[in-house]
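[1] Sequence first, predicted model second:
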Amino acid sequence: MRIGEVAQLSGFSTKTIRFYEEMGLIRCVEREPNGYRNYGDEVLTKLEFIRNGRAAGLPLSAIGQILDLRTNGIVPCTHVIAALEQILNSLDLQIMELQRARLEVAMRIANARDFDQESCNEEDICSILSNLANK
């Protein structure tokens, strides 16, 4: 099947498919004498795997490693679990940092509502932020 058909069936653009070829995620196919690439059905399986991996938060480098393991006859499930655990740990850390930042912003808003604008220091750009930074 030609790249346009692969794009239509996979939902990826032809540009993305070529990018994945350049990255080595899918096999670069030989051109036929007429200059067209002719992909096999296995490309759709790989593209679906790439889509699912990206949806799970895997970087393309990790997806490439998983595909390489499978190509070399190694069942990559243990590697996938480890990669997903790293992503989960990273997400948990980001959530904690966002919760901390949210609390800080909420406290600043609460303090700003009590701020007397008449006492605004003319040397500050905004006394609310200047005063809050010192609290």
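    Thanks, I have it. Numbering: from 1, shown residues only.

[2] buried ones in the helix or strand harbouring Gln94?
    Using DSSP states H and E, Gln94 sits within helix 77-113. Neighbour-count burial for helix 77-113, counted by 16 or more other Cβ atoms under 10 Å, picks out His79, Val80, Ala83, Arg108. All C-beta atoms are positioned from the backbone trio N, CA, C, and that covers glycine.

[3] Now for the second one: which residues touch it?
    Which is Val80. Ile66 (Cβ atoms under 8 Å, 6 or more residues apart in numbering).

[4] again, only this time at 10 Å
    By Cβ atoms under 10 Å, 6 or more residues apart in numbering, the contact list for Val80 reads Gly53, Ala56, Leu58, Ala62, Ile63, Gln65, Ile66, Leu69.

[5] ditto for the first one
    By Cβ under 10 Å, 6+ apart, the contact list for His79 reads Ala62, Gln65, Ile66, Asp68, Leu69, Arg70.

[6] and the gap between the fourth one and Glu104?
    Going from Asp68 to Glu104 by Cβ to Cβ, to the nearest Å gives 43 Å.

[7] Then the last one?
    As judged by Cβ to Cβ, Arg70 and Glu104 stand 45 Å apart.

[8] Which element, helix or strand, includes the spatially most central residue of the chain?
    Geometric centre of the chain, nearest residue: Gly57, 5.4 Å, by Cα atoms, centre = their mean. Assessed by DSSP H and E, Gly57 sits outside every helix and strand.

[9] you'd agree it is up against Gln86?
    Yes - in this structure, Gly57 is within contact of Gln86 by Cβ atoms under 10 Å, at 9.3 Å.

[10] quick revisit: so can I have JSON lines of the contacts of Val80 showing secondary structure?
    Formatted as JSON lines, the contacts of Val80 follow (DSSP: H, G, I helix; E, B strand; the rest coil):
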{"residue": "Gly53", "secondary structure": "helix"}
{"residue": "Ala56", "secondary structure": "coil"}
{"residue": "Leu58", "secondary structure": "coil"}
{"residue": "Ala62", "secondary structure": "helix"}
{"residue": "Ile63", "secondary structure": "helix"}
{"residue": "Gln65", "secondary structure": "helix"}
{"residue": "Ile66", "secondary structure": "helix"}
{"residue": "Leu69", "secondary structure": "helix"}
